[in-house]
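Chemist: Make a model of this:
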Amino acid sequence: MQQKGKTMIASDGPGAQPRRVRLAQFLVNWRLLLSLVSVAFCILLATVIPQSQFDTSLDALLTKSDPFLPEVEALEAQFPTTLEVRFALTAPPNATVFDRRVIDALSDLKKRYTEIPYAARLSSLLDFYSPESQTRLFQFSIDRYSQEELDALLQPALNDRLLTNSLLTGEGQLTFAVVALSVDELAGEARERTALAIQELRDSLRNAHPDIGFYAMSDVILQQSSQKAMLDDLSQLLPFVIILCVLVICFCFRSIRFGAGILTHTLATCLCTLGFLAYTGFSFNSISVIAPLIVVIIAVANSVHIISLFRQSLENGASKKDSMIASLVHNVVPISLAALTTAIGFVSLLLCSSPAIKGFGIIVGIGIGFGFVLTLTFLPALLMLLAPKVEVIAEGSERPSSLLTEVVTLGKRYDRPIFWGCSLLAVVTLALLPLNESDFNRLDFLGSDPELSSYYDIVGESINRGPLLTYGVQTNKIDGAIDPDFLARLDDYFSWAQQLAGVESIASIVDIARAVNRAQHQDNPEFYRIPEDTDAVANSLLAYQVVQSDDFPLKDFITEDFALTRFFLNATPSTNKELLATDALLSEEFARRFPEAQLMHGSTLLLFSRMDELVTVELLQGYSLSLLLITLCLIVGLRSVKFGLLSIIPNLLPATIVFGIWAITVGQINPFVMMLFSISIGLVVDDSVHLLSHYLQRRREGVEGEVAMNEAILTAGPALSITTLVLAIGATILIWANTLYFQQAAQLLVPIVVLALVLDLFYLPAILRRFAPTIS
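Modeler: Next comes the predicted model:
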């Protein structure tokens, strides 16, 4: 407690108080040297921030524990692909893509696609060659076709399944033109230049053909847009969060000087964190890019406790030095415990195999560490320098405890309804948690670029099929994949698969072998079958290789030693769960029919679909570990097994209640948002740590329990209210982030942190009245 004119440092057990006093005195007496070292270190790290790296690939989200991942990587190594640019062209109203205006637009694109750096070739309707019919869609020069002749090409085009699976959709209202690039990866200036060229070509063609819808998509554009969204979030939201949090501090403490202190401390924390990450070569990704905002919010919250008691001591007439020592003595254990438990909550994310989630946990964990160190080494000197004169504070301020006094009164008056009401709410919402269904959608991680949204919207409306899945069949022996008996069994398997509700069509080496065999026999339909021996199959494939289309080269279907073949499956429109169910049926039936071969999964789409379950399981494992470690830390830090366990109860409930209510109001949740559930206990434990630290200190001095809790609320309550306000406002800013993921995260995070304070002020005292009436 603090008394007018002096600072009283209460006993907290044999040996504990002198250690805290000595540490506080050391930090204050050597504050100049410590602050200079901190500033020098901060400046040193800040110089490398321009070297920060960004991983804009959505593959950074993938869980590395997925057993399908090695299969995908193995197929990518056997069947390497290059980057491509997909142009989507939509026909005018009441017309098809065989309208002369669309054909002219495609002709213009064919003339100009080389304006894109690294462009190698263009695939479109104009040059389509069918491997099955061995004919071109356009037999003559485009100029020779009348509109009637163009219209006559529509039905043959719709009947060609390879064409409708690649370049034509719906009833002919949309067509793709695909530019293949000569490289498989672009970064830095080359990626930026290529993305700009694609966008300029799209806009130019759009202006030249106003009746035609022109849209473009590529990993190049996607990654460039993602990096822009990341930089926008960091450069726009981060300063806004810092300024807004500082303004809250200025308002709550009625002091611009304290606000300036918070601002300086927060900037130093950010510079150290970002500089350290840049120095170690860490790359920001779609999830971790928002972590610096969380670091800012936590850094501000940590420093509030030091300022709050420092100011209270100044109001009571103590000198700046004595006030800072008193604040550090009272706060060093709570803020250390709060920093440790919060860091555990975030570092537990390292148990997740997704690099995106790991990165998020690493950044926040590092930020918490820098924030804690600077709170002890830099903040005391800063506050003592900036604090106004003692008499200025003493004359013009009142301790804002009237609202907290009312909270204490209400908590005691309605003790019984509060305890049983909160307990019942916790049980009910806990039972509702399984109703949340996670559904990963990669579009949630796209930025707010309207061109990206337009492309996916128009394609989604026009396309008449589900996603394209790639599979490999490994026979483990040379020529094993062209053995006629094996191909016949494979054909039977494909026929069975196409009867499944989730499968629309399949393209494979079997189709090529039959089509070439028929062509070699003057297109006699009787020879549309698999050749009778291995050499005949090999000769058919080699003959196909001579006349093959660039759109369907043999190397895309089978390896040179004919041991591994690949097939492409067009699924019907499906949810993630339906897609996985179809895949499970395919895998089980393949294993039954081909015990000697291996079915390899080659689509990252399946990996993303499986992330719903994998990410959730790994996050729950991390949550369990963090809960155990935080409980142990609280037991050691509070020096009480009973209070360590009791403190966990109100910290478990905020996320449980919020996610339970979300289950019956929304129901759908991105699995990455589940990360909030995993880290929530580390984020909200700060409140109960400070309350219980003050409470136990007074109880060990012999103060009665009710009085001790009232004093703890009145002492720590102002700082806790301010930190909750800072956390809530800071999290609210995420609603203006560039991706739906962060917007959904904000909607859940804000009620969690607010509810945590409410439970600590009302529910925690009710728990202590029942389970801790005495203390040894």
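Chemist: Following the chain onward from the helix or strand where Asp485 lies, which element is next?
Modeler: Using DSSP states H and E, Asp485 maps to helix 484-497. Helices and strands here follow DSSP H and E; after helix 484-497, the next one along the chain is strand 503-507.
Chemist: List the contacts of the next helix or strand after that next one.
Modeler: Next along the chain after strand 503-507, taking DSSP H and E as the criterion, comes helix 509-519. By Cβ atoms under 8 Å, 6 or more residues apart in numbering, the surrounding residues in contact with helix 509-519 are 131-134, 481-482, 487, 490-491, 494, 524-525, 527-531, 536-537, 540-541, 543-544, 552, 554, 557-558, 565-567. C-beta here means a position set from N, CA and C on the backbone, and glycine is covered the same way.
Chemist: and if we set it to 7 Å?
Modeler: With contacts defined as Cβ atoms under 7 Å, 6 or more residues apart in numbering, helix 509-519 is touched by 131-132, 134, 481, 487, 490-491, 494, 524-525, 527-531, 537, 540-541, 543-544, 557-558, 565.
Chemist: cool, and stretch 587-601?
Modeler: Contacts for stretch 587-601 (Cβ under 7 Å, 6+ apart): 68, 71-72, 74-75, 471-475, 489, 493, 496.
Chemist: List only those of the residues you listed flagged as buried.
Modeler: Buried by 16 or more other Cβ atoms under 10 Å: 68, 71-72, 74-75, 471-475, 493, out of the contacts of stretch 587-601.
Chemist: Surely Pro434 is in a helix?
Modeler: Yes: assessed with DSSP: H, G, I helix; E, B strand; the rest coil, Pro434 lies in a helix.
Chemist: Counting neighbours, what do you get for Gly365?
Modeler: By the criterion of other Cβ atoms under 10 Å, Gly365 has 22 neighbours.
Chemist: swap that for Pro18, sorry
Modeler: 12.
Chemist: again, but for Ala597
Modeler: 22.
Chemist: roughly how far apart are it and Tyr455?
Modeler: Ala597 is 38 Å from Tyr455, where distance means Cβ to Cβ, to the nearest Å.
Chemist: in the helix or strand where Pro417 lies, what's buried?
Modeler: Assigned by DSSP H and E, Pro417 belongs to helix 415-432. The neighbour-count check on helix 415-432 (16+ other Cβ under 10 Å) flags 418-419, 422, 425-426, 429, 432 as buried.
Chemist: what does stretch 629-637 give?
Modeler: Of the residues in stretch 629-637, 629-631, 633-635, 637 count as buried by neighbour count, 16+ other Cβ under 10 Å.
Chemist: ok, back up a step: using pLDDT, spot the least trustworthy of the buried ones among the contacts of stretch 587-601.
Modeler: Lowest pLDDT of the buried ones among the contacts of stretch 587-601: Phe68, 86.
Chemist: Assess the claim that that one and Thr604 are in contact.
Modeler: No: counting by Cβ atoms under 7 Å, Thr604 is not a contact partner of Phe68; they are 9.2 Å apart.
Chemist: Among the contacts of stretch 587-601, which are located in helices?
Modeler: Taking DSSP state H as the definition of helices, those contribute 71-72, 74-75, 489, 493, 496.
Chemist: can you put these in JSON lines and add distance to Phe284?
Modeler: Shown next, in JSON lines, are those (distance: Cβ to Cβ, whole Å):
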{"residue": "Glu71", "distance to Phe284": "29"}
{"residue": "Val72", "distance to Phe284": "24"}
{"residue": "Ala74", "distance to Phe284": "29"}
{"residue": "Leu75", "distance to Phe284": "29"}
{"residue": "Arg489", "distance to Phe284": "49"}
{"residue": "Tyr493", "distance to Phe284": "44"}
{"residue": "Trp496", "distance to Phe284": "46"}
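Chemist: just these now: which is nearest Leu386?
Modeler: Set against Leu386, the nearest of the ones in helices among the contacts of stretch 587-601 by Cβ to Cβ is Val72 (56.0 Å).
Chemist: where along the stretch 451-600 of the chain do the strands fall?
Modeler: 468-474, 503-507, 564-571, 598-601 (DSSP state E, counting those that start in this stretch).
Chemist: now, which of the buried residues of helix 415-432 sits nearest Ile344?
Modeler: Ala426 (22.6 Å).
Chemist: quick one: the closest one from Leu432, how far?
Modeler: From Ala426 over to Leu432 (counting by Cβ to Cβ), the distance is 11 Å.
Chemist: List the buried residues of the helix holding Asp485.
Modeler: 484, 486-487, 490-491, 493-494, 497.
Chemist: That helix - contacts with which helices or strands?
Modeler: The contact analysis (3 or more Cβ pairs under 7 Å, 6 or more residues apart in numbering; DSSP states H and E) places helix 484-497 against strand 503-507, helix 509-519, helix 534-547, helix 576-593.
Chemist: how about the helices in the stretch 201-350 of the chain?
Modeler: Assigned by DSSP state H, counting those that start in this stretch, the helices in the stretch 201-350 of the chain fall at 219-232, 238-253, 256-279, 291-315, 320-347.
Chemist: Which of those has the highest mean neighbour count?
Modeler: helix 291-315 (a mean of 25; mean count of other Cβ atoms under 10 Å).
Chemist: got a list of what the residue positioned nearest the centre of the chain touches?
Modeler: Residue closest to the mean C-alpha point of the chain, counted by Cα atoms, centre = their mean, is Ile287 at 3.4 Å. Contacts here follow Cβ under 7 Å, 6+ apart; on that basis Ile287 touches 356-357, 359-360, 672.
Chemist: List the ones among the residues you listed that fall in helices.
Modeler: Reading helices off the contacts of Ile287 with DSSP H, I get 356-357, 359-360.
Chemist: For these, give me TSV that also has distance to Ala519, neighbour count and pLDDT.
Modeler: What follows is the ones in helices among the contacts of Ile287, written out as TSV (distance: Cβ to Cβ, whole Å; neighbours: other Cβ atoms under 10 Å; pLDDT from 0 to 100):
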residue	distance to Ala519	neighbour count	pLDDT
Ala356	49	25	81
Ile357	52	29	83
Gly359	53	24	85
Phe360	55	26	86
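Chemist: could you give me the average pLDDT of the top helix by length along the chain?
Modeler: Using DSSP H to define each element, the chain has its longest helix at helix 604-638. Mean per-residue pLDDT for helix 604-638: 82.
Chemist: Equivalent analysis for stretch 722-729, please.
Modeler: Mean predicted confidence for stretch 722-729 is 83.
Chemist: which residues touch it?
Modeler: 244-245, 248, 252, 297, 300-301, 304, 686, 750, 753-754, 757.
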